[in-house]
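Enquirer: Could you look at this predicted model? Sequence included:
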Amino acid sequence: MRYSLLAAALAAPALAQYGVAPPHPAGPKPPVKPSGAPNPPTGPQPPVGPKPPVVPPPSEKPLVSEAALIKDVKLEDLLAGSQKLQDIADANGGNRAFGGGGHNATTEWLYQTLLATGAYDVYKQPFVELFTAATTSFSANGEAVPVEYLTYGPSGTVNGTLVKVSSLGCTAADYPSAVAGNIAVISRGECTFAIKAANAKTAGAAGAVIYNNVAATPLSGTLGGDGDYAPVVGMTQEAGNALLSQIGNGTVQANLVVDAIRENRTNYNVIAETKEGDHENVLMIGGHSDSVFAGPGINDDGSGTIGSLVVGLALAKYKIKNAVRIGFWGAEEFGKLGSFYYLKTLNGTLSGNSTEASKIRAYLNFDMIASPNYVLGIYDGDGSAFNFSGPTGSDKIEKDFEQFYENRGQAHVPSLFTLRSDYAAFLENGIPSGGLFTGAEELKTEQEAVMFGGEAGAPLDACYHQKCDDINNLAQDAYLLNTQSIANSVAKYALSFEGIPRANATIRKRNAESSRFMARFDDGGHKHHGQACGAGKNLE
């Protein structure tokens, strides 16, 4: 069964099991956002970023506790960290895309910040990947239409007639002969963007536009890798329907321009592991440190980056029993490349061996934890909501997260393991996994508006993968609560992995095979509430 069908069929009962009294007063609750840019500084200013911890000598460190680590999480530190990422993006063309100046500055700052605590062994792990980005434009009958680039798409300047493609453009038979030398208009759905763009090229189309199949949502994504494609862009459902209406009333002349950058770039993961704790039994947490080319990525995934960093800095003050490792992943937006590269250096594919990978007892992923119109999503580790469970032990991770919110009278919803974020590399290596997610371009339901406040029928993050994903695109209440939830789980597993079994080669192999099998059906959508940030294998 395709994930789209699975999620749609199971979303309603999955949400119903969490029916609770509204945590906010009745009616929509506008998300709390930062107040905007501060007044210009008039004197010497402290360094931007979270406040550095005061780390006592090892002999004087207290043993970590959940309550103590939660108390150390301060909203002012989260916002200071987010502002640092904004400043980096502003100084580097408005983004922190992998291999560019913005991402390089981000990884260097993370490296230096954790190194300065003296509590972590830190290194930057380089790898090289193909980077693509583009400027685009599209007009029909002289009227400009907003469009988005699909990564790995080729450059091209096309003037031609718009031609509607039959069905969904997933087979050669869908393309009429009139498409040759012209621009194909294709609906999203059923098959990947890559298949549609390749079929358009095979049919002789000079270009293609793919319009979304959900309302009020820009279509951005990836072709997943190099191929023989027609120049292609994405647009909203409304824009696509408007084009179809014009086609029905006569010939529509259009202009499509894609000016693409293609270059190999050196990129970095940042890996930090506590000097204290049992290094044979490691908790790993992480999120991706890159943004899309279109914007600074302050929620996606600056929020997960800074949430993990703030907890890591606070943890430096404490004695722990199990080592904690933090991974800040590069090139997630191009297909989770950094996290998969890292696992390949552990599991024997590039280096290391199964013993190294088995030291990771659990992985927690934090990608978008402060969406403005948020839900409080927890990955469905036991599979009870979406019938796709994580490796053995993932159920315990989910239950511990649920307990945190329930103890505070907060609602929560299950989130589908779509294999669209960096947890995928860990699932596909049989490592118990979990995490939090507050939503991307999917629309909030009426029931969710009752549960969490906010606006029903509006995207959970209307600025997802856009320029406006900036310092003003954060729900501060969700940001603080979710980072406290991270602290709770980190403190818990830094003391004990009770309920999460030790690595067993047979079980992990079986779990890994199950996840790899499910990856074959990965359609890349942000299902309810699955995550589709990284480009992945089959984005459609």
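Expert: Cool, the structure landed.

Enquirer: Burial check on residue 392, number of neighbours?
Expert: 18 (other CB atoms under 10 Å). Any C-beta I mention is one placed from the backbone N, CA and C, and that applies to glycine too.

Enquirer: ok, now residue 354?
Expert: Counted with other CB under 10 Å, residues neighbouring residue 354 total 15.

Enquirer: Then residue 213?
Expert: Neighbours of residue 213 (other CB under 10 Å): 17.

Enquirer: any idea how far residue 48 is from it?
Expert: From residue 213 across to residue 48, the span is 42 Å (CB to CB, to the nearest Å).

Enquirer: now residue 63
Expert: From residue 63 to residue 48 the distance is 32 Å (CB to CB).

Enquirer: Check residue 167 too.
Expert: Distance from residue 167 to residue 48, by CB to CB: 52 Å.

Enquirer: secondary structure element for the residue located most distally from the centre of the chain?
Expert: Ranked by distance from the centre of the chain (CA atoms, centre = their mean), the top residue is residue 250, with 41.6 Å. In the assignment (DSSP states H and E), residue 250 maps to no helix and no strand.

Enquirer: Likewise for the one 10 residues further on?
Expert: Secondary structure here is read from DSSP H and E; on that basis residue 260 sits in strand 253-274.

Enquirer: quick revisit: who touches the residue farthest from the centre of the chain in this structure?
Expert: Listed by CB atoms under 8 Å, 6 or more residues apart in numbering, residue 250 has no contact partners.

Enquirer: Looking at it now. What's its pLDDT?
Expert: Here, the pLDDT recorded for residue 250 equals 88.

Enquirer: again with residue 267
Expert: pLDDT, residue 267: 95.

Enquirer: quick one: it and residue 103 touch, right?
Expert: Yes: taking contacts as CB atoms under 8 Å, residue 267 lies within contact range of residue 103: 7.0 Å.

Enquirer: Show me what residue 435 is bridged to.
Expert: Beta bridges link residue 435 to residue 365, judged by DSSP bridges.

Enquirer: State the distance from residue 263 to residue 100.
Expert: In terms of CB to CB, residue 263 sits 10 Å off from residue 100.

Enquirer: out of those two, which sits in the busier spot?
Expert: When residue 263 and residue 100 are compared for neighbours, residue 100 comes out ahead with 20 against 9, by other CB under 10 Å.

Enquirer: and the residue lying closest to the more buried one once chain neighbours are set aside, how far is that from residue 333?
Expert: Spatially, and ignoring its direct neighbours in sequence, residue 100 is nearest to residue 92 (6.4 Å; CB to CB, 6 or more residues apart in numbering). In this structure, residue 92 and residue 333 are 16 Å apart, going by CB to CB.

Enquirer: Which of these two has more residues huddled nearby?
Expert: residue 333 (26 against 18).

Enquirer: Can you point out the buried residues in stretch 497-508?
Expert: 497, 500, 503, 508 (16 or more other CB atoms under 10 Å).

Enquirer: thinking again about what came up before, so which elements touch the strand holding residue 260?
Expert: helix 101-115, strand 120-140, strand 156-164, strand 207-211, strand 232-235, strand 322-329, helix 337-346 (3 or more CB pairs under 8 Å, 6 or more residues apart in numbering; DSSP states H and E).

Enquirer: got the angle between it and strand 322-329?
Expert: 160 degrees (axes from the mean of the first three to the mean of the last three CA atoms, to 10 degrees).

Enquirer: partner strands of strand 253-274, parallel or antiparallel?
Expert: Here strand 253-274 has these sheet partners by DSSP bridges: strand 120-140 (antiparallel), strand 156-164 (antiparallel), strand 322-329 (antiparallel).

Enquirer: what do residue 267 and residue 103 both touch?
Expert: 290, 330.

Enquirer: wait, what's in contact with residue 48?
Expert: Per CB under 8 Å, 6+ apart, neighbours of residue 48: 80, 83, 84, 87.

Enquirer: Which one (most neighbours) among the residues you listed?
Expert: Counting by other CB under 10 Å, top hit in those: residue 84 with 22 neighbours.

Enquirer: Now do the helix or strand harbouring that residue: which elements does it pack against?
Expert: Per DSSP H and E, residue 84 falls inside helix 75-90. Judged by 3+ CB pairs under 8 Å, 6+ apart, the packing partners of helix 75-90 are helix 101-115, helix 302-315, helix 476-495.

Enquirer: The shortest one vs helix 101-115, what angle?
Expert: Angle of helix 302-315 versus helix 101-115, following the same axes, to 10 degrees, is 20 degrees.

Enquirer: Same question for helix 302-315: list its buried residues.
Expert: 302-315.

Enquirer: With that, I have no additional questions.
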